[in-house]
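Asks: how would this look folded up:
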Amino acid sequence: MWNSVGAGLFERRRASKLNYIVNAALILLVLFLVAEISFNMRYTSILVDGRSMLPTLVGAENGEGGDFIFIDTTISPTYGDIVVVRRADGSFIIKRVVAFGGDTVKSEAGVLSIKYKGSETFEDKDEPYLSPEYNRPELLKNSFSEHLVEEGKMFLLGDNRNESADSRLNGDYPLKDVVGVVPEWALRRKAQITAFYTYFKTHSIQITG
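Replies: Residues are numbered from 1 along each chain as shown. Just a heads-up that it's a prediction; the model follows:
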């Protein structure tokens with residue numbers, strides 16, 4: 001009789017432990033799904049294409065290689081942010097914001113200067129993300145005269161000033177067309193993000209550099 005009672009207690013303990021494990025696993029699964037849904041509602045993964053954001057971001061060439069990165073679709077850009085913008089034809093570009101409406105910009109031999117809205121003087125902008133290799137001072141496109149940015153718009157430049165087709169060619173871009181901003185943590189983790197998406201061949205929006 002005692003053997004039967006002991007066996008019954010053992011079975012109940014084992015069932016109770018199994019139920020605890022199953023319930024804990026279900027809770028963890030739900031938390032993971034909630035976190036995944038919340039993350040995907042805020043962030044979108046993109047694949048950079050082209051050379052215009054070198055050396056900060058490496059773009060795919062002929063469909064191969066290229067950095068994967070996340071953009072935050074819930075925040076507004078500020079000075080120095082890398083943004084993804086939807087163009088009128090429905091395609092996307094990725095550039096860096098250097099000025100906003102009311103600011104005046106100019107460049108001489110690759111040195112960008114900005115007269116911020118309400119200011120009377122130009123300030124040479126420190127751009128540590130640039131590399132001399134991609135900002136050659138002798139190129140004509142790396143010097144341009146004063147330009148007043150329209151209200152409600154942005155002046156965008158690629159980090160590869162030698163090759164980027166940006167506001168120097170296409171004019172100011174509307175703030176309303178910003179799709180997302182690249183957060184600092186995504187730039188710091190771009191190697192890991194790129195390795196993950198490349199290995200699993202996960203689909204992302206392809207963005208022209």
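
Asks: what's the spacing between the nearest residue to Ala60 once chain neighbours are set aside and Ile94?
Replies: Among residues not flanking Ala60 along the chain, Gly66 sits closest, at 2.9 Å (Cβ to Cβ, 6 or more residues apart in numbering). The way it works is simple: take the backbone N, C-alpha and C, and place the C-beta from them, glycine included. Separation of Gly66 from Ile94 (Cβ to Cβ, to the nearest Å) stands at 11 Å.

Asks: Next: Thr78.
Replies: Relative to Ile94, and taking Cβ to Cβ, Thr78 is found at 16 Å.

Asks: Gly171 now?
Replies: Plainly put, Gly171 is 17 Å away from Ile94 if you go by Cβ to Cβ.

Asks: higher neighbour count, these two?
Replies: Shown here are Gly171 and Ile94; by other Cβ atoms under 10 Å, Ile94 has more neighbours (28 against 13).

Asks: Which other helices and strands does the helix or strand hosting the more buried one contact?
Replies: Assessed by DSSP states H and E, Ile94 sits inside strand 92-100. Using 3 or more Cβ pairs under 8 Å, 6 or more residues apart in numbering; DSSP states H and E as the contact test, the elements touching strand 92-100 are strand 43-49, strand 82-86, strand 111-115, strand 153-157, strand 205-208.

Asks: Could you provide those in JSON lines, with additional columns for distance to Leu187 and mean pLDDT?
Replies: Converted to JSON lines, these look like this (distance: least, Cβ to Cβ, whole Å; pLDDT from 0 to 100):
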{"stretch": "strand 43-49", "distance to Leu187": "12", "mean pLDDT": "93"}
{"stretch": "strand 82-86", "distance to Leu187": "8", "mean pLDDT": "97"}
{"stretch": "strand 111-115", "distance to Leu187": "20", "mean pLDDT": "98"}
{"stretch": "strand 153-157", "distance to Leu187": "17", "mean pLDDT": "98"}
{"stretch": "strand 205-208", "distance to Leu187": "15", "mean pLDDT": "70"}
